[in-house]
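Visitor: For reference, the sequence and a predicted model appear below.
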Amino acid sequence: MAQVKEGDTIRIHYVGKLEDGSVFDSSEGGASLEMKIGRGEFIKGLEEGVIGMEPGETRSISMTPDRAYGPCVKEKVFEFHKDRISEGITPEVGQQMQLYRADGMPITVKILEKTETGYIMDANHALAGKNLIFDVTLEEIVTEEA
């Protein structure tokens, strides 16, 4: 039977969990995820973890932050002055917002705290610094790399 290798396009169903078992994402009840292995479009640990799987196989893939969304970077936590917030917008602690970098690229930030002069924001990915577990079922190998 065929096994997944780099260059293959595959479809998987998955449940993404934290170490405490809480689910942060899942394809259950929805469409499967299609991905081409080796393009770097998905987290490294997931792409590496499906190598060698056969259609119908289920595998639990554990990964450290360096194979997932990376470490939390303290430089990505910053204060944003309240005068720079658009009129009519009142950020709340815990809320996510989209800001734009100097080069025009959008970034998602989470409001951590309100200060006298503005807001403390975190631009780290919500799963940065966390060990992740993906329970993956290989639905099919769509195309195989020759």
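Guide: Structure's in. What do you need?
Visitor: Provide the secondary structure category for Gly45.
Guide: Classification of Gly45 using DSSP: H, G, I helix; E, B strand; the rest coil returns helix.
Visitor: ok, it to Arg59 distance?
Guide: 12 Å (C-beta to C-beta, to the nearest Å). In this view, the C-beta of every residue, glycine as well, is placed from N, C-alpha and C.
Visitor: List the residues that contact Glu48.
Guide: The contact partners of Glu48, by C-beta atoms under 8 Å, 6 or more residues apart in numbering, come to Arg67.
Visitor: What values do phi and psi take at it?
Guide: Main-chain dihedrals, Glu48, degrees, to the nearest 10: phi -70, psi -30.
Visitor: tell me the pLDDT at it?
Guide: Looking at Glu48, its pLDDT stands at 95.
Visitor: and the residue of the chain most remote from its centre, backbone torsions?
Guide: Distance from the C-alpha centroid of the chain peaks at Glu116, with 32.4 Å (C-alpha atoms, centre = their mean). Main-chain dihedrals, Glu116, degrees, to the nearest 10: phi -60, psi -30.
Visitor: just the one 4 residues further on next, same as before
Guide: In this entry, Ile120 is assigned phi and psi values of phi -90, psi 120 (degrees, to the nearest 10).
Visitor: ok, it - contacts?
Guide: 77-80, 111-114.
Visitor: Tell me which entries of the residues you listed lie within strands.
Guide: 77-80, 111-114 (DSSP state E).
Visitor: Reformat those as a markdown table; add pLDDT.
Guide: Output for those, formatted as a markdown table (pLDDT from 0 to 100):
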| residue | pLDDT |
| --- | --- |
| Val77 | 96 |
| Phe78 | 96 |
| Glu79 | 95 |
| Phe80 | 94 |
| Ile111 | 97 |
| Leu112 | 97 |
| Glu113 | 97 |
| Lys114 | 96 |
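Visitor: Just the buried ones among the residues you listed, please.
Guide: With neighbours counted by 16 or more other C-beta atoms under 10 Å, the ones in strands among the contacts of Ile120 contain buried members at 80, 111.
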